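Novice: no letters, just coordinates:
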């Protein structure tokens, strides 16, 4: 059972993304060739205001422990930094399993604004070397720029840099073939490399949750300075030892890559009736994943 403010609040503003886009496509017909080329440019700017667990979160193992702390509300509340007192039922106001609260070290309530750009360029040639064969050859280039982290963690050098992946060339090939020249059977084949973009929500997490900008502190009932239910801290608690978690990218972090292949055979059985069989294959590489590199022995 969860009571009170959800973990994702307070949120002074929902994610606000503004995108300006310009795109142009051109076609050029010459003999047996149909050439297409163009570009697509996006200017993206995001504003996010979210301080995860900024309102403070109490976790209880049993409803009885919660009830004991609720009964304590009838008593005068002691300051968070006071020494826990012991009553007949145990530590007064501190029967919780743990208390966690997040803070923004620069005092902006989790606000972050940043911008990046997406560039895409392509060229494609569709031509007919024979009356029963059409070939498609193409190449696309994608580039997603990365912002510079505004508050890097001096203890984690990798948090000061987001790698911009600059070699995203995606070749494409396709064919359509009528092997018997009777317009009853057609074989289609297509293959290509496709690049995805790193989501701006991931970029936001890398810039804020590096252990320097957003810091979360967890208290046990026995921790010196632990609050009594339902108190929360108004600022970063003083005299707290320990290190916050640091979330940062690998030095060679790149955009995800997908290989796609499709082979289809379509056969006309009789007029207005066809059967087809399709084989499809995909393979993903360089997918983003999370790894804990600071595990206990």
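Specialist: All right, it came through fine. If you're wondering where the values come from, they're calculated on a predicted model, not measured in any experiment.
Novice: would you map the strands across the stretch 101-250 of the chain?
Specialist: Using DSSP state E, counting those that start in this stretch, the strands of the stretch 101-250 of the chain run over residues 111-130, 133-144, 168-177, 185-195, 214-219.
Novice: what mean pLDDT would you report for the second one?
Specialist: Predicted confidence along strand 133-144 averages 97 (mean pLDDT).
Novice: pLDDT below threshold where in the stretch 1-150 of the chain?
Specialist: 1-4, 74-91 (pLDDT under 70).
Novice: switch to 90 and redo it
Specialist: 1-16, 48-56, 61-95, 98-110, 131, 150 (pLDDT under 90).
Novice: what's the closest of the strands of the stretch 101-250 of the chain to residue 296?
Specialist: strand 214-219 (16.3 Å; Cβ to Cβ). Where you see a C-beta, it was placed from the backbone N, CA and C, and this is true even at glycine.
Novice: what does that closest one rub up against?
Specialist: 51-53, 98-105, 110, 208, 225-227, 236-237, 240, 242, 244-245 (Cβ atoms under 8 Å, 6 or more residues apart in numbering).
Novice: direction-wise, compare it with strand 111-130 and give the angle.
Specialist: With axes from the mean of the first three to the mean of the last three Cα atoms, to 10 degrees as the basis, strand 214-219 and strand 111-130 are set at 120 degrees to each other.
Novice: list the neighbouring strands of strand 214-219 plus their orientation.
Specialist: strand 98-104 (antiparallel) (DSSP bridges).
Novice: mind listing what's buried in the partner strand?
Specialist: 99, 101-104 (16 or more other Cβ atoms under 10 Å).
Novice: surely residue 40 meets residue 120?
Specialist: Yes - at 4.2 Å, residue 40 and residue 120 qualify as touching, with contact defined as Cβ atoms under 8 Å.
Novice: re the thing from before, quick check: which of the strands of the stretch 101-250 of the chain is buried the most?
Specialist: strand 214-219 (a mean of 20; mean count of other Cβ atoms under 10 Å).
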